[in-house]
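Peer 1: Fold the following, please.
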Amino acid sequence: MRRRNRGRVALAAVAAMWVAAALPGQAYAAGESAAYTFDPGAGQIAGAEFSTQAPALKDGSVYRSSIKPGEKLYYRLDLDARTNAYVSAVAVPRGGGRVAYGDGITVSIRDSADLQCGSQSARFESAEFPRPIAAYASRMMEKDSSTCQDAGTYNVLIERESRNTSSQDAWDLELRYVAEPRPKAAGSLPTGAPENWPSASPAPPTAAPQKRSGGSSYYDATGLETGEWQEEGGIRPGQTLFYRVPVDWNQQIFVTADLSNSTTSDTYVGNALALSLDNPAHGHVDSASPLSYSGKSASVSLDPLPPVAYENRYDSSGDVSAMRFAGWYYLSVTLSPAVAKSYGDKAIPLTLKVKVEGEAGSSPYAGDAGPFSVTQDDKDMARAGKSGPQAARSGTMKAVGVAGITTGSVLVLGLGAWTLLARRRAATAPAAPSGGEPYGGPPQAW
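Peer 2: Below is the predicted model:
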C-alpha cells in the first residue's frame, strides 16, 4: 500500500502545482484598482532610529519595511574595498491618501564618519497623487577618491518628507541591495562621461498594435519589446501599471504613452498621467512632464536618453548617469485619481509605443553580469509579454510535464515487465491441484 499512497501523493502534488500556476498572484474585488504587489520573497525588516542599531541588508536580498512622515531610518551594509553597491527603496503610499508637491524620500549611503557616498531623491512634484516612487544610492569604488573606499560598515539612511496637508499614514517600503559585478581589467574601460550621443527621437514603431496587460509592481512588470502596445483593459483612475523592457549595452530606449479620447466629458484635468522610467537597480532615470487631459487624445514622451554605457556614471546629470547598466528597464504609468471626478471610474484606453535602438554591445564586466545583462531568455520573455513570475511558472510547468511523462513511462514499463514476468512464470509452472489456488498463491498487493 505504501507505493500506491506515494503515487497518490505525487499526483496530488502535481495537481496542486497546476492549480497554483493557473491562479493569479493576487486577486482584487470588483471595482477596485490593483494595489502594489510586493515581492513575495521579501523579508520583513524595521529600520532603526540610531545608526548603531541598524539591521543588516544582505546582497541580492529584498526586504519590506515602512516609514512615517519625518522619519529617518538606518539600515547597515557590510562592504569590501572592491565592490560597487546599490540600495534602492520603493515608497508605496497607502491607497486613498494625499500627497503634495515636494513629498518624497531620499536614500543615501554613508560611511562610519557619516560622509555621504551617494544619494538620490524621489518626489511627487507636480503630479500630486499617490503612486509608487523609487530612488537608489550607491557606494562607488573610484580611483581618485578618498571617501567611502574602505572595507567596513556603511549605513543606508532613508528619509521621508511630507507636508502637514498630506496623509500622515506610514508608507510601505520595498528595499533591494545588489552588488555590481566587477569590471574587466583596469584601464580597459572609459573613465569619463560621454560627450555626444544620438538625441533625435526615432520614427515610431509601424507594426500593428498588440495587446498587453501591465503588472502592478516591479515584481510582476509585464515584458515589452520594440512595438506599439495597447493596455488590455485600459488604465483606471488611481491605477499604476508596470512594464519592463530589456535594454542592452549600446542601446537606447524611447517611450511614448498615448491616452485615448473619452466620450464622457471634456473637463480639463491638469497633471492627469505620470510616466516614469527606472533602471535595473530600481534607480530613477527620468519622468515625462505630467500629461494634462481634456477628453481628447493626448500623448507624452520621455526625453531622449543616451545609449546604455558604463561611462554614463561619470556624468553629472542624473538621467544620463542612471543609464549605466544593461538589463531590464522599468516603466510605470499612473492615471490620476482626480480623473474619476469628471470621467468616472471606467478605464481609459492606453497605448505605449516603445522603441529600442542600436546594436547590442559587449559587457564591461568580467564573468556573469547577473541582473545587469540582457540574455536570450530576457528577449524571449519580452517578446512573449511575460513577467518574471509568469516565466518562472512556465519553467516549473515544463519541469512538471517532463517529470510527469518520465514517471508515467516508468509506471508503464514497470507494469509491462510485471505482466511479462507473470506470463513466463505461468508458462513454466507445474499444474495446480484441481480447485486450488494458482501456483505461488494470489498476487501480492503492492
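
Peer 1: Show the low-confidence segments of the stretch 151-300 of the chain, by residue range.
Peer 2: Within the stretch 151-300 of the chain, the segments meeting pLDDT under 70 span 186-187.

Peer 1: So which residues of the stretch 301-446 of the chain form helices?
Peer 2: 318-321, 339-343, 376-384, 388-428 (DSSP state H, counting those that start in this stretch).

Peer 1: Which of those helices comes out lowest on mean pLDDT?
Peer 2: Least confident of the helices of the stretch 301-446 of the chain, judged by mean pLDDT, is helix 388-428 with a mean of 55.

Peer 1: Distance check, the residue nearest to residue 347 when sequence neighbours are not counted against residue 349.
Peer 2: Excluding its sequence neighbours, the residue lying closest to residue 347 (Cβ to Cβ, 6 or more residues apart in numbering) is residue 234, at 3.1 Å. Backbone N, C-alpha and C define where each C-beta goes, glycine included. Distance, residue 234 to residue 349, using Cβ to Cβ, to the nearest Å: 5 Å.

Peer 1: Would you confirm that the residue nearest to residue 347 contacts residue 345?
Peer 2: No. Assessed by Cβ atoms under 8 Å, residue 234 is found out of contact with residue 345, at 11.4 Å.

Peer 1: between those two, which one's more packed in?
Peer 2: residue 234 (17 against 14; other Cβ atoms under 10 Å).

Peer 1: Can you give me every residue that contacts the more buried one?
Peer 2: 260, 346, 347, 348, 349, 350 (Cβ atoms under 8 Å, 6 or more residues apart in numbering).

Peer 1: Show me how to select, in PyMOL, the buried members of these.
Peer 2: Of the contacts of residue 234, the buried ones go into a single PyMOL selection, burial set by 16 or more other Cβ atoms under 10 Å:
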select buried, resi 260+347+348+350
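
Peer 1: Next, format the contacts of residue 234 as JSON lines and append distance to residue 172.
Peer 2: Conversion of the contacts of residue 234 to JSON lines gives the following (distance: Cβ to Cβ, whole Å):
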{"residue": "260", "distance to residue 172": "32"}
{"residue": "346", "distance to residue 172": "28"}
{"residue": "347", "distance to residue 172": "25"}
{"residue": "348", "distance to residue 172": "27"}
{"residue": "349", "distance to residue 172": "30"}
{"residue": "350", "distance to residue 172": "25"}
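
Peer 1: Now intersect the contacts of residue 234 with the strands, please.
Peer 2: Members of the contacts of residue 234 lying in strands (criterion: DSSP state E): residue 350.

Peer 1: What separation do you get for the residue most central in space within the chain and residue 39?
Peer 2: For the chain, residue 218 is the residue whose C-alpha lies nearest the centre (Cα atoms, centre = their mean; 3.0 Å). Computed as Cβ to Cβ, the residue 218 to residue 39 distance reads 8 Å.

Peer 1: again, but for residue 228
Peer 2: Residue 228 sits 30 Å away from residue 39, going by Cβ to Cβ.

Peer 1: ok, residue 329 touching residue 280?
Peer 2: Yes. In this structure, residue 329 is within contact of residue 280 by Cβ under 8 Å, at 6.8 Å.

Peer 1: can you give me the strands in the stretch 251-400 of the chain?
Peer 2: 252-259, 269-278, 284-287, 291-293, 298-301, 327-335, 350-357 (DSSP state E, counting those that start in this stretch).

Peer 1: The longest one pairs with which strands?
Peer 2: In the sheet, strand 269-278 lines up against strand 284-287 (antiparallel), strand 291-293 (antiparallel), strand 327-335 (antiparallel) (DSSP bridges).

Peer 1: Need the residues that contact the shortest one.
Peer 2: By that I understand strand 291-293. Residues from elsewhere that reach strand 291-293, judged by Cβ under 8 Å, 6+ apart: 257, 259, 268-275, 298-300, 339.

Peer 1: nearest to residue 364, of those residues?
Peer 2: Nearest to residue 364 among the contacts of strand 291-293: residue 275, at 29.2 Å, using Cβ to Cβ.

Peer 1: got a list of what the nearest residue to residue 265 once chain neighbours are set aside touches?
Peer 2: Among residues not flanking residue 265 along the chain, residue 342 sits closest, at 4.7 Å (Cβ to Cβ, 6+ apart). Contact analysis of residue 342 by Cβ under 8 Å, 6+ apart lists 264, 265, 267, 269.

Peer 1: Good, wrapping up.
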